[in-house]
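Engineer: A predicted structure for the sequence below; I have some questions about it.
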Amino acid sequence: MIDNEAFSGLRVLDFSQGIAGPYCAMLLAQHGADAVKVEPISGDWGRTLGRPYGENTAHSIAFNRGKRSIALDLTKPRGLEAARILIKTSDVVIEAFRPGVMTKYGLAYENAKATNPGIVYLSINGFGSHGPNATLPVTDAVIQPFRD
């Protein structure tokens with residue numbers, strides 16, 4: 001890593017899957033951030049899109065390049081404890097779960113801020129955090145027609 005890159009010294013914790021979050025974290029990594037991808041034990045679902053090359057596909061390579069990766073089971077106490085330690089030592093958290101998922105795990109913004117007051121917390125979802133469709137899952141193809 002080159003020390004004079006724009007985000008050199010910044011630690012990014014990426015809980016997201018799909019495109020928006022992984023792409024954001026990848027851009028930060030490409031400009032010097034230390035990006036850590038948190039995946040479920042089964043792996044990011046992007047690893048299954050398209051032809052596999054070992055444990056990766058073109059999708060996972062493109063959107064996760066420059067990141068380190070760790071698999072955590074957030075349904076288990078040890079996985080949650082590891083996630084909390086990572087949040088405490090990170091500058092940025094990126095998550096793209098449906099609203100309420102990070103709250104369920106005790107990893108929401110309020111929890112992160114309590115242990116790391118300077119944290120920047122990016123929550124990406126398709127239909128907003130509140131409203132009748134907030135808890136619906138979404139992919140890029142679903143929300144494209146709604147763009148201005």
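Structural biologist: Arrived safely. If you're wondering where the values come from, they're calculated on a predicted model, not measured in any experiment.
Engineer: and stretch 28-37, what's buried?
Structural biologist: Buried residues in stretch 28-37, counting neighbours by 16 or more other C-beta atoms under 10 Å, are found at 28-29, 32-37. For the C-beta atoms, the positions are set from N, CA and C on the backbone; glycine is no exception.
Engineer: other residues contacting it?
Structural biologist: With contact meaning C-beta atoms under 8 Å, 6 or more residues apart in numbering, stretch 28-37 is reached by 1-3, 5-14, 22, 25-26, 44, 64-70, 86, 90, 92.
Engineer: from those residues, which land in strands?
Structural biologist: 11-14, 67-70, 92 (DSSP state E).
Engineer: give me the contacts around stretch 123-135.
Structural biologist: Contacts of stretch 123-135 (C-beta under 8 Å, 6+ apart): 16, 20-21, 24, 94-100, 102, 109, 136-139, 142-143.
Engineer: most neighbours, which of the ones in strands among the contacts of stretch 28-37?
Structural biologist: Comparing those by number of neighbours (other C-beta atoms under 10 Å), Asp14 comes first, having 31 neighbours.
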